[in-house]
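[1] here are the coordinates; sequence isn't available:
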């Protein structure tokens, strides 16, 4: 069964198609087996196979055969390559860009996106997010987090609001932490979506 | 004049006025008082609000001394922080302090309108950053008033 269009950018025919395109267009140009792309994009193999076949036929994805293995990658020769990558980056890039930007922050225990972006990412419909709400938990220097966030903002062209909490503040049962735990929280690094 | 200030003028975010050294000193004094009051509070979110307001006074102080006024309208607080960045951002330490002030502005908005919590780390960073900016703006005002006296 075809998955519903992704609420983050519902111009794609299905969430599976958007996830596969994001995986192929945003995570480097290295050719990979379809099975590897399907696992990374969290799309079941039969659907991934069908969708990627369609993308190959449209020239958006290129295919190489090494022995019996089919390797696929984004096709930089397609006239849609740059505009499509820009759209995918804007809609699906924030978790990767933020995870990369925060990599050098010392004392970080975990970081997660909450708010409207996280809600759209898990399938809640609504207007496109105007900004990203980021939660950073750990024994960190907030100014180091803000510097990382500024670097990410430059790449994303979207404001990122960082909320920095210590382990104790995150563990405390407050109205804010209760609300965060009850709503979609997109943990960075492992692409783990909890709702 | 820097490109950033030109862009704020062109975008009608600020307007040129005669330089107002007295107004600048008043804003600097308000910034000092606001920071002192922030130190008396124990709630990080309320401290964040006051520290942001102290930072806003510093931006307004520098604008008054330079001969500019902030235009009210959407995004005018953002423009105030952008002015500080344009004036002080060449120094890496001050650029970092303005970055913290900008996040303090957003934290203040998130806390005020969406009840987002402000943690101790954010409060600590804003306290250090606004103190650095206060010293820098006081030095700038002194230098500007020296230049004015020399011209007279």
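    Okay, I see it. Worth saying up front: this structure is predicted, and the values here are computed from it rather than measured.

[2] quick one: residue A:169 and residue B:123 touch, right?
    No. At 11.0 Å, residue A:169 does not count as touching residue B:123 under the criterion of C-beta atoms under 8 Å. No exception for glycine: its C-beta is placed from N, CA and C like everyone else's.

[3] quick one, which of the two is more surrounded?
    The neighbour count for residue A:169 versus residue B:123, taken as other C-beta atoms under 10 Å in any protein chain shown, is higher for residue B:123 (23 against 19).

[4] from residue A:107, how far out is the nearest residue to that one once chain neighbours are set aside?
    Computed as C-beta to C-beta, 6 or more residues apart in numbering or on different chains, the closest residue to residue B:123 that is not its neighbour in sequence is residue B:44, at 4.0 Å. Distance, residue B:44 to residue A:107, using C-beta to C-beta, to the nearest Å: 18 Å.

[5] residue boundaries of the strands in chain B?
    Using DSSP state E, the strands found in chain B span residues B:14-16, B:68-70.

[6] which among those is found nearest to chain A?
    strand B:68-70 (20.1 Å; C-beta to the nearest C-beta).

[7] what lies in contact with that closest one?
    B:5, B:9, B:13-17, B:59-60, B:63, B:76, B:79-80, B:83 (C-beta atoms under 8 Å, 6 or more residues apart in numbering or on different chains).

[8] and with 7 Å instead?
    For strand B:68-70, the surrounding residues in contact (C-beta atoms under 7 Å, 6 or more residues apart in numbering or on different chains) are B:14, B:15, B:16, B:17, B:60, B:63, B:76, B:79, B:80.

[9] what's the answer for stretch A:104-115, then?
    By C-beta under 7 Å, 6+ apart, the residues outside stretch A:104-115 that reach it are A:94-95, A:98, A:102, A:132-140, A:144-145, A:148, A:167, A:180, A:183, A:185-188.

[10] 6 Å instead?
    A:102, A:132-140, A:144-145, A:148, A:180, A:185-188 (C-beta atoms under 6 Å, 6 or more residues apart in numbering or on different chains).

[11] kindly report the same for stretch B:37-46.
    Applying C-beta under 6 Å, 6+ apart, the external contacts of stretch B:37-46 come out as B:47, B:50, B:51, B:111, B:118, B:120, B:123.

[12] how about the residues of chain A near chain B?
    Proximity of chain A to chain B (C-beta under 6 Å from any C-beta of the partner chain) is limited to residues A:142, A:143, A:146, A:150, A:161, A:163, A:164, A:165, A:169, A:176.

[13] can you name every helix or strand that the helix or strand where the fifth one lies contacts?
    Read it as residue A:161. Using DSSP states H and E, residue A:161 falls within strand A:160-165. Secondary-structure packing of strand A:160-165 (3 or more C-beta pairs under 6 Å, 6 or more residues apart in numbering or on different chains; DSSP states H and E): strand A:132-138, helix A:142-156.
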